[in-house]
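# Starting from these lines, generate the structure:
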Amino acid sequence: MRRTKLWAMVLMAGVMLAFPLACGGSEAPRLECATLKAWLADPQVIIIDVRSPQDWEKSDKKIKGAQRRDSKTAKDWAKDLPKDKKIVLYCA
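Coordinates of the predicted model:
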């Protein structure tokens with residue numbers, strides 16, 4: 001129940017760029033770039049980069065301050081996300 005509630009909160013917050021793993025391959029709600037830029041300095045926002053290690057290594061575009069997490073282990077780390085913050089999941 002707790003994990004389900006957490007995932008619902010993350011999805012309902014509408015702050016995800018994309019997260020096909022959680023959405024069964026369908027499109028997730030997207031965040032406009034301007035909105036994300038405005039949120040970057042907000043301590044109430046946590047940005048999590050869930051790109052594959054290969055995509056992350058090859059990319060020259062990384063969001064400063066973003067946490068790197070493995071999308072394949074989301075069930076393990078998602079339960080530790082704070083419930084009182086906006087969570088942005090970033091992937092390629």
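
# Go through stretch 56-70 and flag the buried ones.
By neighbour count with 16 or more other CB atoms under 10 Å, stretch 56-70 contains the buried residues Trp56, Ala66, Arg69. Placement of C-beta: from N, CA and C, glycine included.

# Need the contact partners of that stretch.
Identification of contacts with stretch 56-70 by CB atoms under 8 Å, 6 or more residues apart in numbering yields Leu40, Ile46, Ile47, Ile48, Asp49, Val50, Arg51, Pro53, Trp77, Tyr90, Ala92.

# repeat that for 6 Å
Stretch 56-70 has contacts (CB atoms under 6 Å, 6 or more residues apart in numbering) with Ile47, Ile48, Asp49, Val50, Trp77.

# how long is it from one end to the other?
End-to-end span of stretch 56-70 (CA to CA, to the nearest Å): 11 Å.

# cool, stretch 37-48 as well?
Taking CA to CA, stretch 37-48 runs 15 Å from one end to the other.

# residues of that stretch that come out buried?
Residues of stretch 37-48 classed as buried under the neighbour-count rule (16+ other CB under 10 Å) are Val45, Ile46, Ile47, Ile48.

# quick one: the helices in the protein?
Along the chain, the stretches classed as helices by DSSP state H are 2-12, 33-39, 53-58, 74-77.

# Any idea which of those has the lowest pLDDT on average?
When the helices of the chain are compared on average pLDDT, helix 2-12 comes out lowest at a mean of 50.
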